[in-house]
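1. requesting a structural model of the entry that follows:
(one chain, ligands or ions: 1)
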Amino acid sequence: MAAHKRVTVYVLSGFLGSGKTTLLTKAIDHFTEAGRKPAVIMNEIGEVNLDGQLIANEVPMSELLGGCICCSSRGDLATALKELVTEEQPDLIFIESTGIANPMEIIDEVTDASLILPVELKAVITVVDAPQLLELSRTSRGKTYRLMQEQIRCANLLLLNKADLLQEAALQEVDALVREWNPYASVHYTVFSQIDMRLIEILEEEQGQEQHLAAKHNDKKNNAQHNVNHHHEDHHDADSAHDIQRATHSSKDHDPHESRNKLHHDHDHDHAHDSRHHHSHNHVMAYTHFFERAVDSNAFEEFVSKLPQEVYRAKGILSFSDTSSRFLFQYAYREMDFVKITPKGDVPDVAVFIGENFSKDAVRTKLLKLESLSEIAAK
Ligand SMILES: Nc1nc2c(ncn2[C@@H]2O[C@H](COP(=O)(O)OP(=O)(O)OP(=O)(O)O)[C@@H](O)[C@H]2O)c(=O)[nH]1
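-> Numbering: from 1, shown residues only. Sure thing, here's the model as predicted:
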C-alpha cells in the first residue's frame, strides 16, 4: 500500500474530564469544514458512550466501551481501526482514550496495527486539567499524579486547559512543571480546548518517526528520573517508531503472552503479581447507575456537590422531574455543568461515576433515595 495513502491517526490523551471531548468536537468541525473526513474511536470506562452524544451523526465512530483500551484484550483497537479504514475510508482517525489510559500502551497498539493496516500514528495530543495538576503537584502526588505525568511525557502537543480557572502565575507554575517532564512538546494555554488547529495539521505533515522519537526520549528521561522498572530492555532501547514496530513484529513470532510482556511497560509496581497487565490505573473504578425514574434537579445537584472527594469524574444523561428537557450532566474536578440535550438514539437516563476506591454502594443508595423521593412527590 502506498505510503501517502495512510490514514493519519491522532491519539487524544489526558486525565478524566480534562477537556479531550471538547477538543475532539472542535477538531472534527475544523477538519470537516476543511473538506477532510475525520473518524473517531471512542473509548469509555462506563458502559454507555455519553461523549459520543456530542459527535455529529455523520462522523464515523467506533466505540470501545466498558473498560480502558490498554486493559482490554489486545486487538480490539486494531479491529476498530481496520473496520473504520476499510468501511469508511476516512482521512484522519482520532482515538479518544479514557482519561485513565496510559498512552504508551496505545502507541504500541497503533504502531503494531500500522504493520498490517494503512494507518500512521502522527501524534499524541494531551489535554491537561491545569488546575487539577497544579493542586496535585502541591498536595497528594499519588497515582493520579503519576498517570498524568505519563500522559504528559508521551505528548507531542500539550494543551494546558482550563486556563480560565487559574491566574497567570499559577499557569506558569504548571507550565514549568510540564516542560520539565516533556521538553519536546509544544505547550499551549487553552480555555475549553480552543487551539489553533494548524498546530494539529502541522503534526500531520511532520515525520511520524520524529514525533515518536520525542515521546521515546521523554520515556527514557523519565525512566532515569523515576527508576521505573522495565523488564525488557530490548523494547526500551528502541529509539523510534520504526524500532517499536520492529520489536513488535519480531515478538509476534513467539508466545503472544510473552510478546505482550515485551511490549508493555511496568508502570505500577502495586500490581506486579499480574505478569500480563501492568497498569498505573488499577485503582480507578466506575459505577454506572441506570435511573428508573426522573429525579428532582435541585436534589441531584446537591447530591453531586456532596460526592466524596474520591469521585473525581461523573457524567450522564438525565431527565428531571421538574424540567421538560433532558440534560447532559458533567462533573469534573469539582465543577458541575448541565447542558440541554436531545440524545441521539434510544438512550436511557444514566450516570457514570468514576473515582478511586469509593463506595459504589453509598452512591447507589443515595441515588435510589433520590428516585424514591421523587416517586413519593409524584403521588
Ligand atoms: N472552566 C472550564 N471548563 C472546561 C474547560 N474545558 C472543558 N471544560 C469542562 O470540563 C468538563 C469535561 O470536559 P470534557 O471535554 O468532557 O473532558 P474529557 O477529557 O473528554 O472527559 P473524559 O472523557 O471523561 O475523560 C465539561 O463540563 C467541559 O465543559 C475549560 O477550559 N474551562
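2. this structure against the ligand: which residues are in contact?
-> In this structure, the chain approaches the ligand at residues 14, 16-22, 51, 99, 161-162, 164-165, 191-193, 313, 330, 332, 337, judged by CB under 6 Å from any ligand atom. No exception for glycine: its C-beta is placed from N, CA and C like everyone else's.
3. which secondary structure element is home to residue 354?
-> Under the criterion of DSSP states H and E, residue 354 resides in strand 350-356.
4. do residue 11 as well
-> Here residue 11 sits within strand 7-13, counting by DSSP H and E.
5. could you list the paired strands of that strand along with their orientation?
-> For strand 7-13, the pairing partners within the sheet under DSSP bridges are strand 92-96 (parallel), strand 119-129 (parallel).
6. got the contact list for the first one?
-> Contact with strand 92-96 is made by 7-12, 20-21, 24, 27-28, 31, 36-43, 51, 69, 77, 81, 84-85, 106, 110, 119, 204, as judged by CB atoms under 8 Å, 6 or more residues apart in numbering.
7. please state the offset of it from the chain centre?
-> For strand 92-96, the gap between its own C-alpha mean and the chain's C-alpha mean amounts to 11 Å (CA atoms, centre = their mean, to the nearest Å).
8. quick revisit: put together CSV for the strands paired with strand 7-13, with distance to residue 157 on each row.
-> What follows is these, written out as CSV (distance: least, CB to CB, whole Å):
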stretch, distance to residue 157
strand 92-96, 13
strand 119-129, 5
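9. include mean pLDDT and mean neighbour count when you put the ones you listed into CSV, please.
-> Below are these laid out as CSV (pLDDT from 0 to 100; neighbours: other CB atoms under 10 Å):
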stretch, mean pLDDT, mean neighbour count
strand 92-96, 96, 25
strand 119-129, 95, 26
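10. out of these, nearest to residue 59?
-> When the strands paired with strand 7-13 are compared for distance to residue 59 using CB to CB, the nearest one is strand 92-96, at 9.5 Å.
11. just checking, what packs against the helix or strand just after that closest one?
-> Using DSSP H and E, the helix or strand that directly follows strand 92-96 along the chain is helix 103-113. Using 3 or more CB pairs under 8 Å, 6 or more residues apart in numbering; DSSP states H and E as the contact criterion, the secondary-structure elements in contact with helix 103-113 are strand 7-13, helix 76-88, strand 119-129, helix 143-153, helix 208-226, helix 241-251.
12. relative to the ligand, which residue of the stretch 151-300 of the chain is the closest?
-> Among the residues of the stretch 151-300 of the chain, residue 162 lies nearest to the ligand; the distance is 3.9 Å by CB to the nearest ligand atom.
13. which residues does that residue contact?
-> Applying CB under 8 Å, 6+ apart, we find residue 162 in contact with 18-19, 129-132, 191.
14. can we see that at 6 Å?
-> The neighbours of residue 162, taking CB atoms under 6 Å, 6 or more residues apart in numbering as the test, are 129-131.
15. circling back: so what touches the following helix or strand past the strand holding residue 11?
-> Once strand 7-13 ends, the next helix or strand along the chain (criterion: DSSP H and E) is helix 20-33. Around helix 20-33, the neighbours that count as contacts under CB under 6 Å, 6+ apart are 12, 14, 38, 51, 54, 59, 94, 96, 127, 192-193, 197.
16. residue 371: which element?
-> Residue 371 is part of helix 360-378 when elements are defined by DSSP H and E.
17. just to revisit the earlier point, going by mean pLDDT, which of the helices and strands packed on helix 103-113 comes out lowest?
-> Across the helices and strands packed on helix 103-113, the stretch with the lowest average pLDDT is helix 241-251; it has a mean of 28.
18. spatially nearest residue to residue 155 (excluding sequence neighbours)?
-> residue 126 (3.7 Å; CB to CB, 6 or more residues apart in numbering).
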